[in-house]
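Q: Below are the sequence and a predicted model; questions follow.
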Amino acid sequence: EVQLVESGGGLVQPGGSLRLSCAASGFTFDDYAMSWVRQAPGKGLEWVSTFYKSGSKTYYADSVKGRLTISTDNAKNTLYLQMNSLKPEDTAVYYCVLRQSYSGHYLWRYWGQGTQVTVSS
């Protein structure tokens, strides 16, 4: 059974930093991607960043580029999101997603439970 367990959320002042973690277990895919998405209060899901195992490529939404950094620790099967220079508009529930490769696509298949990030003074 695939499990994704997120941690690291909390309350931080504007300009502050947090590091989110997503510990993954129970999968043996040869190729996959892992993404962070977020949902602000009263809004829909917003894609934040993706790491592709193939080629170790990373991509970011324009709204977070230069402030948030996605990374992985393969030995620990853990995905991270280092969040710097946080803004009130970064306030949201952050979800990690394990995307299984299938027929040339990466399915949004497995979701974590989410972790709350609140940026406020």
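A: Sure, I can see it.
Q: C-alpha from now on. contacts and neighbour counts both.
A: Fine.
Q: so what's the spatially closest residue to Ser71 that is not a sequence neighbour up against?
A: Nearest-residue entry for Ser71: Tyr80, 5.2 Å, with adjacent residues in sequence omitted and distances by Cα to Cα, 6 or more residues apart in numbering. Shown in contact with Tyr80 (Cα atoms under 8 Å, 6 or more residues apart in numbering): 19-22, 69-72.
Q: Most neighbours out of the residues you listed, which is it?
A: Cys22 (27 neighbours; other Cα atoms under 10 Å).
Q: Which strand residues bridge it?
A: Here Cys22 sits in beta bridges with Glu6, Leu79, going by DSSP bridges.
Q: For Glu89, which three-state class applies?
A: helix (DSSP: H, G, I helix; E, B strand; the rest coil).
Q: what's near enough to touch the nearest residue to it once chain neighbours are set aside?
A: Among residues not flanking Glu89 along the chain, Val119 sits closest, at 7.6 Å (Cα to Cα, 6+ apart). Val119 makes contacts with 11-14, 86-91, as judged by Cα under 8 Å, 6+ apart.
Q: can you tell me the helix or strand for Ala24?
A: strand 18-25 (DSSP states H and E).
Q: Show me what secondary structure element comes after that strand.
A: Counting by DSSP H and E, what follows strand 18-25 is strand 32-39.
Q: So which residues make contact with that following strand?
A: So strand 32-39 is contacted by 45-54, 79, 81, 92-101, 106 (Cα under 8 Å, 6+ apart).
Q: Kindly provide the distance from the residue most central in space within the chain to Ser121.
A: Residue closest to the mean C-alpha point of the chain, counted by Cα atoms, centre = their mean, is Trp36 at 2.5 Å. Going from Trp36 to Ser121 by Cα to Cα, to the nearest Å gives 25 Å.
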